[in-house]
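mind folding the following:
(chains A and B)
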Amino acid sequence: MSSSKPTQPKGTRDFGPEQAAKRNYIVDTIKTQFIRYGFSQIETPAMENLSVLTGKYGDEGDQLLFKILNSGDFLKNSTESDFNLGSDHLLKKVAEKGLRYDLTVPFARFIVQNQHQITMPFKRFQIQPVWRADKPQKGRYREFYQCDADIVGSNDLWNEAELSLLIHDVFENLNYDGFVLKINHRELLNEMARVVGLAGKEMPFCITIDKLDKIGAEKVNVELEKLGANDQLQKVISLFDLKTSNEEKLNSYIELVGENRGTEDLSQYFKLLAAANRKNMKIELDLSLARGLTYYTGTIFEVKATDVTIGSITGGGRYDNLTGVFGLKGTSGVGISFGLDRIYDVLEEKDLFPSDLGQSSELLIAHFDETSKIHGIGVLAAVRNSGIRAEIFPDNAKIKKQFNYADKKRIPFVLVIGSEEIKTQTYALKDMKSGTQESMSLEEILNKLAKMKTA
RNA sequence: GUGGUUGUAGCUCAGUUGGUUAGAGCGCCUGAUUGUGGUUCAGGAGGUCGUCGGUUCGAGACCGAUCUUCCACCCCA
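Predicted structure coming up:
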C-alpha cells in the first residue's frame, strides 16, 4: 500500500467499461445524425493560446478558463514588480496557453486559419472534451464532452430549422421524449429592452429576464424598475406569460413591440420548419430565453429536460461575427452543442439505455490443461475468423473459475475443450443462460452462433 | 467566487450523553463439487473511521484547518 490513496482532480471522472459503453452509445447516436445531415468531423487541440480564448466568454468565462503554466522556468520573464502588480498582470507573463472552454471559439480560429481551403457554407461537427474551472456539482463537471454541429458562411434561417430537426432526430434515436426545444432571438430581447426604456442596458435586461422562472415575475419587475424601466414594463412582461402557440406569441409580440429582424427571422424559421413536414415537434418560442454566451447575436436555442432537474442538455445559437475578432469579417454561423455528460445523466435517471450495450465476448473457450489450451488457440482463431467475438481463458485455471469468469462477464456461450474433445473433434458448447450443453463439431458451433447473432 | 452539506470495509449504510476488541447486508476468496458458472450450505480475508492538528485519563463521535462529495446562488453543457 502506498502512503496515500490516489484520486482524480476535482470535477473529473474515470469511466469504467459499462459507463464507457453507454457514453459510446450516445456519441455514436449523435455522430450518426451529424453525418446523416451532412456535417464533416474536425478535431482541434485541447489547448489554445490564451489570446484566442480570452475575452470571448465575458469576464466570468475568463475566470473559468484553465490556464497552462509556461514550460521550463516560467518565472524567467517576470520581475518582482510584475508580482506586485497582481495576478492579472502576472498571468500574462507566466501562462500563454489554456485549455479550451468550448468548441465554438476554437472552430472560429480554425475557419480563419483555413479560410482558403474551406468551401462555404461549411458544415462541421466536433466531439471533444472541454474544461471549465467551475465549482463542480451534479450535472456540472470540470471536464466534459461537447458534441457540436455548426454551419458557417450562410445566413439563411434554413440552417436554424435544420438544426432543430437534427435535435429532434438525436433525441428520438436516444428514445428520449421528455425534452423541449426552446427558441428565442437576441434581437427580440434587445427591442423589448428599448421599448421599456432600457436602450443601452440590453445585457442587464436579458440577465434579469432570464431569471423569470427562478425568482418569479414580481421580483423581475422590481429589478427592472430599479434599472430604470418605464411604464411599458407591465405590458412587455405579460408577453412572457403567454401560453399560446408559437405563431400567436410572435403576433402578440409584434403588436406590442413592432416588427424587427428578430420577428422576420423567426417567422421565416417557422415557415421553413413547417415545410419539413415533421410530426410531434417539441419547439417552444420562449421570449424570456436569454443565454449568457456573449457571442450570440441572432437566434438562440436551448434544450431542457422537462422531467429531470439538470439544466440545459443542449444549447446554441447564431453568431454573426465570431470570426471577426480573428480578422475575418462577414462570416455568420449558427451552431448547437449537445452536452454528452448531461444527456448521460438524463438517460441514466430515466433508465433509457439499451440493455445490450456490453462489449464482452460472445464465446469463451475453457480448457483443462496446457494441451487443450494449445488446441483451443486454433479453435479460437477459427471462431474469430467467422466474425464472432471470442476469447480463451489465458491461465491454466480450474474449470470452475473459467465458468465463473464467463458468468461475471456475461459471456453467453462457453466452449469446453479437454482430452475427450480433442480425441473426437467435437466440443462441449454450454449455453450459459439456459444451462444446457451439447456436443458439437466446430462447424456446427459456428453455424449455431451465427444464427444466434442474426436472430 | 459566496453560503451550506457530506466523508466509517470494494459498494450501500448502522455505530446510544465521548468508554475496553468498530458492525450488518451485498460483493470478494476458499471448501462442500479434483470435467462446469448463476441457487444453497460452511468457513475466510478485508478498516490508521478522508487527512493533519487540538481538547480529554480516554475521540469514529467534540473543536480547528484542509481535501472530497452533494446542494443553493452565480453561470452554464
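
which strand or helix spans A:P45?
Here A:P45 sits in a region with no helix or strand, counting by DSSP states H and E.

next one: A:L287 from RNA strand B, what distance?
17 Å (CB to the nearest atom of the strand, to the nearest Å). For every residue, glycine as well, the C-beta is placed using N, CA and C.

you'd agree that residue is up against A:F240?
Yes. If you go by CB atoms under 8 Å, A:L287 and A:F240 touch, sitting 5.7 Å apart.

compare neighbour counts for those two and give me the winner.
Under the neighbour definition other CB atoms under 10 Å, A:L287 and A:F240 were set side by side, and A:L287 has more, 25 against 16.

so that one sits in a strand?
No. Counting by DSSP: H, G, I helix; E, B strand; the rest coil, A:L287 is located in no strand; its state is coil.

list the contacts of it.
By CB atoms under 8 Å, 6 or more residues apart in numbering, the contact list for A:L287 reads A:N184, A:L188, A:L189, A:M192, A:L239, A:F240, A:L242, A:K249, A:Y253.

just the buried members of those?
A:N184, A:L188, A:L189, A:M192, A:L239, A:F240, A:K249, A:Y253 (16 or more other CB atoms under 10 Å).

one step back: can you name the two of the contacts of A:L287 that sit furthest apart?
A:L189 and A:L242 (15.4 Å; CB to CB).

can you count the residues close to the residue of the stretch 101-250 of chain A found nearest RNA strand B?
Nearest to RNA strand B, among the residues of the stretch 101-250 of chain A, is A:K138, at 2.6 Å (CB to the nearest atom of the strand). Summarising burial for A:K138: neighbours were counted as other CB under 10 Å, giving 10.

I'd say it and A:D341 touch.
No. Under the criterion of CB under 8 Å, A:K138 makes no contact with A:D341, lying 10.5 Å away.

returning to that earlier point: now, the contacts of A:L287 that are in strands?
When these are checked against strands (DSSP state E), the matches are A:N184.

what would the contacts of A:L287 look like in JSON lines with distance to A:S71 and pLDDT?
Shown next, in JSON lines, are these (distance: CB to CB, whole Å; pLDDT from 0 to 100):
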{"residue": "A:N184", "distance to A:S71": "44", "pLDDT": "94"}
{"residue": "A:L188", "distance to A:S71": "48", "pLDDT": "92"}
{"residue": "A:L189", "distance to A:S71": "44", "pLDDT": "91"}
{"residue": "A:M192", "distance to A:S71": "50", "pLDDT": "90"}
{"residue": "A:L239", "distance to A:S71": "54", "pLDDT": "87"}
{"residue": "A:F240", "distance to A:S71": "52", "pLDDT": "85"}
{"residue": "A:L242", "distance to A:S71": "57", "pLDDT": "86"}
{"residue": "A:K249", "distance to A:S71": "55", "pLDDT": "93"}
{"residue": "A:Y253", "distance to A:S71": "54", "pLDDT": "94"}
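
narrow the contacts of A:L287 to those in helices?
For the contacts of A:L287, the ones inside helices are A:L188, A:L189, A:M192, A:L239, A:K249, A:Y253, with DSSP state H as the criterion.

in a markdown table, list those residues along with distance to RNA strand B.
Formatted as a markdown table, those follow (distance: CB to the nearest atom of the strand, whole Å):
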| residue | distance to RNA strand B |
| --- | --- |
| A:L188 | 17 |
| A:L189 | 13 |
| A:M192 | 18 |
| A:L239 | 21 |
| A:K249 | 22 |
| A:Y253 | 22 |
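
for the residues you listed, which one is nearest A:S51?
Looking across the ones in helices among the contacts of A:L287 and measuring by CB to CB, the closest to A:S51 is A:L189, at 30.2 Å.

for that closest one, give me its contacts.
By CB under 8 Å, 6+ apart, the contact set of A:L189 is A:E202, A:F205, A:C206, A:I209, A:L287, A:A290.

max pairwise distance over those residues: which two?
Top of the distance list for the contacts of A:L189 (CB to CB): A:E202 and A:L287, 14.4 Å.

okay, now the domains of chain A?
A:10-175, A:363-454 (automatic domain parsing).

do me a favour and get the end-to-end distance for the last one?
The reference is to domain A:363-454. 15 Å (CA to CA, to the nearest Å).

mean confidence score for it?
Domain A:363-454 comes out with an average pLDDT of 93.

which positions in stretch A:274-284 come out as buried?
Those would be A:K282, A:I283, for stretch A:274-284 by 16+ other CB under 10 Å.

and stretch A:111-128, what's buried?
A:I111, A:V112, A:Q115, A:I118, A:F122, A:K123, A:R124, A:F125, A:Q126, A:I127, A:Q128.

contact residues of the stretch 1-150 of chain A facing RNA strand B?
A:3, A:5, A:7, A:9-11, A:58, A:60-61, A:64, A:102, A:132, A:134-142, A:144, A:146 (CB under 7 Å from any atom of the strand).

so what secondary structure elements neighbour the longest helix anywhere in chain A?
When chain A is parsed with DSSP H, its longest helix is helix A:17-36. Using 3 or more CB pairs under 8 Å, 6 or more residues apart in numbering; DSSP states H and E, the elements in contact with helix A:17-36 are strand A:122-131, strand A:143-152, helix A:158-173, helix A:340-349.

quick revisit: pull out the buried residues from the contacts of A:L189.
A:E202, A:F205, A:C206, A:I209, A:L287, A:A290.

now render the domains of chain A as JSON lines, adding distance to A:F353.
Converted to JSON lines, these look like this (distance: least, CB to CB, whole Å):
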{"stretch": "domain A:10-175", "distance to A:F353": "5"}
{"stretch": "domain A:363-454", "distance to A:F353": "15"}
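
looking at the ones you listed, spot the one closest to A:G333.
Comparing the domains of chain A under CB to CB, the one sitting nearest is domain A:10-175, at 3.6 Å.

quick revisit: out of the domains of chain A, the one nearest A:N280 is which?
domain A:10-175 (8.1 Å).

show me which residues of the stretch 301-450 of chain A are close to RNA strand B?
Within the stretch 301-450 of chain A, the positions lying close to RNA strand B (CB under 7 Å from any atom of the strand) are A:303, A:309, A:311-315, A:337, A:339, A:341-342, A:368, A:398-401, A:403-404, A:406-408, A:414, A:416, A:418-421, A:428, A:430, A:432-435, A:437.

just those: which are in strands?
Using DSSP E, the members of these that fall within strands are A:V303, A:S312, A:I313, A:T314, A:G315, A:S337, A:G339, A:V414, A:V416, A:A428, A:K430, A:Q437.
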